[in-house]
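Student: predicted model follows, preceded by the sequence.
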Amino acid sequence: MKNIASTVRRFAGVLLPVAFAAASLGAQAQEVVKIGFSSPLSGPQSAYGTDNRDGLMLAVKELNAKGVTVGGQKVTFEVVAEDDGADPRQGVAVAQKLADSKVKFVVGPYNSGVAIPAGRVYNESGMVMMTVGSNPKITELGYPRLFRIGVNDVQLGAAMAVYAAKEMKIKNVAVVDDRSAYGQGLVQEFVAEAKRQGLNIVKQEFTTDKATDFTPILTSIRSAKPDAVFFGGYSAQGGPMLRQMVSLGVQAKLLGGDGICATETARLSGGAADGRVLCAQAGTILGKADTGRAFAAKYKAAYNRDPLTYAANFYDGAMLLADAMQKAGSTDAGKVAETIAKGSYKGVAGEYSFTDKHDLKSSPVSVYGFKGGQPEVLSSF
């Protein structure tokens, strides 16, 4: 009997520490939530993609440093960043890759032309998708877990047309789009509002989102003598287009949406942006609010450069997801989507509260000019 008792005590001495160790490991167990990212990290729009990614990464770094608990369990976040090249086919491949990797949340895509086809994959995979793509068709898809966390083309195009008519007092406008879903949608909405405001559309031209020589279309536009050229596209083309406008003697102002509302436009224009470029962009003016200034300072400290157009929205996207998870007490994509749809969140770039179609209920639009190569706010709508 003594031998049996001794054996039991020895086993108990081994099992007790093991049990305590197991309990300790259970208490420290963390759920890793992967947040997918889709934007162009290569090609002409890579500056914007990098800007978006770094805004998202900054938020995730802060969340993990602070510590987030969901339903009583500690959660850590991990970014799965993918390059969609601003190309629809590549964007669909990225969506499928993220779906196959069991990622449940994605912030992106950046481009409307990518968001529309990739959205189908994200929807079929049950993922929550938060995009800044501005083409109205995106939310018309009716996907229950898709949210637009930026402004749409209707608001951007209309604001720029109203400003051109009422503040700039111009009469004649030429329009150019880059044949992307974003560029075409933006020009369409600008033209519709411009006509309502009594402006004359004296020329309509198009290019591509990879073009570098705009001489033929600018020569055609020059003959129409417009007061302004509205461009539906991005800085990669907008900057060089302005430089070539100057060299060809086209005196018109260059107008556009958020795609050219960045220092990249000034850099690529060869310093011609000051007094020549006006653009419409959504959300809070970072330099006018404490939260915006704080974000811009943190971003610059982390990356040694100023944020461009949508870094703040991608930052907000991660914060919005984390907030919804905490409120839902779950990391289940369906429950998180329901919480986002019904609730609201105050972010750096504005208030995130959604309509039934999952567009933002309220998103102010500001018109910017350029001074010293930097966008400078002129008016807000």
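Tutor: Great, that's in hand.

Student: now the one residue sitting closest to the centre of the chain: closest residue in space, sequence neighbours ignored.
Tutor: Nearest to the mean C-alpha position of the chain, counting by C-alpha atoms, centre = their mean, stands residue 132 at 3.9 Å. Excluding the flanking residues, the one nearest residue 132 by C-beta to C-beta, 6 or more residues apart in numbering is residue 150, at 3.5 Å. (Glycine included, C-beta is placed from N, CA and C.)

Student: and for the strand or helix carrying residue 81, what's in contact with it?
Tutor: In this assignment (DSSP states H and E), residue 81 forms part of strand 73-83. Residues external to strand 73-83 that are found in contact with it (C-beta atoms under 8 Å, 6 or more residues apart in numbering): 29-42, 49, 53, 56-57, 60, 63-64, 67-69, 90, 94, 97-98, 101, 103, 318, 322, 325, 331.

Student: any idea how far the helix or strand that that strand is followed by is from the chain center?
Tutor: Of the helices and strands lying after strand 73-83 in sequence (DSSP H and E), the nearest is helix 88-100. Chain-centre distance of helix 88-100: 18 Å, with C-alpha atoms, centre = their mean, to the nearest Å.

Student: just the CA atoms of helix 88-100, as CSV, please.
Tutor: These are the backbone C-alpha positions of helix 88-100, laid out as CSV (Å, rounded to 0.1, in the frame of the first residue of the first chain):
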residue,chain,number,x,y,z
PRO,A,88,-9.4,44.0,-62.3
ARG,A,89,-8.2,40.6,-63.1
GLN,A,90,-5.3,40.8,-60.6
GLY,A,91,-7.8,42.1,-58.0
VAL,A,92,-10.0,39.1,-58.5
ALA,A,93,-7.0,36.8,-58.0
VAL,A,94,-6.1,38.7,-54.8
ALA,A,95,-9.7,38.3,-53.6
GLN,A,96,-9.6,34.6,-54.2
LYS,A,97,-6.2,34.2,-52.5
LEU,A,98,-7.5,36.0,-49.4
ALA,A,99,-10.6,33.9,-49.4
ASP,A,100,-8.6,30.7,-49.7
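
Student: partners of the next helix or strand after it in the sheet?
Tutor: Note on helix 88-100: by DSSP H and E, the next helix or strand toward the C-terminus is strand 105-107. In the sheet, strand 105-107 lines up against strand 31-39 (parallel), strand 128-131 (parallel) (DSSP bridges).

Student: packing partners for the very next helix or strand once past strand 105-107?
Tutor: Counting by DSSP H and E, the next helix or strand C-terminal to strand 105-107 is helix 112-124. Applying 3 or more C-beta pairs under 8 Å, 6 or more residues apart in numbering; DSSP states H and E, we find helix 112-124 packed against helix 88-100, strand 128-131, helix 137-140, strand 146-148, helix 181-196.

Student: just the strands from the stretch 201-350 of the chain, written as ranges.
Tutor: 228-232, 253-256, 277-282, 344-346 (DSSP state E, counting those that start in this stretch).

Student: worst mean pLDDT among those?
Tutor: Looking at the strands of the stretch 201-350 of the chain, the lowest mean pLDDT belongs to strand 277-282 (a mean of 92).

Student: who does that one pair with, and is each partner parallel or antiparallel?
Tutor: Assessed with DSSP bridges, strand 277-282 is paired to strand 253-256 (parallel), strand 365-371 (antiparallel).

Student: who's in contact with the helix or strand that the longest one is followed by?
Tutor: Read it as strand 365-371. Counting by DSSP H and E, the next helix or strand C-terminal to strand 365-371 is strand 374-380. Applying C-beta under 8 Å, 6+ apart, the contact partners of strand 374-380 are 163, 167, 261-263, 266, 278-279, 281, 285, 287-288, 364-370.

Student: what angle do helix 88-100 and the strand holding residue 81 make with each other?
Tutor: In terms of direction (axes from the mean of the first three to the mean of the last three C-alpha atoms, to 10 degrees), strand 73-83 departs from helix 88-100 by 150 degrees.
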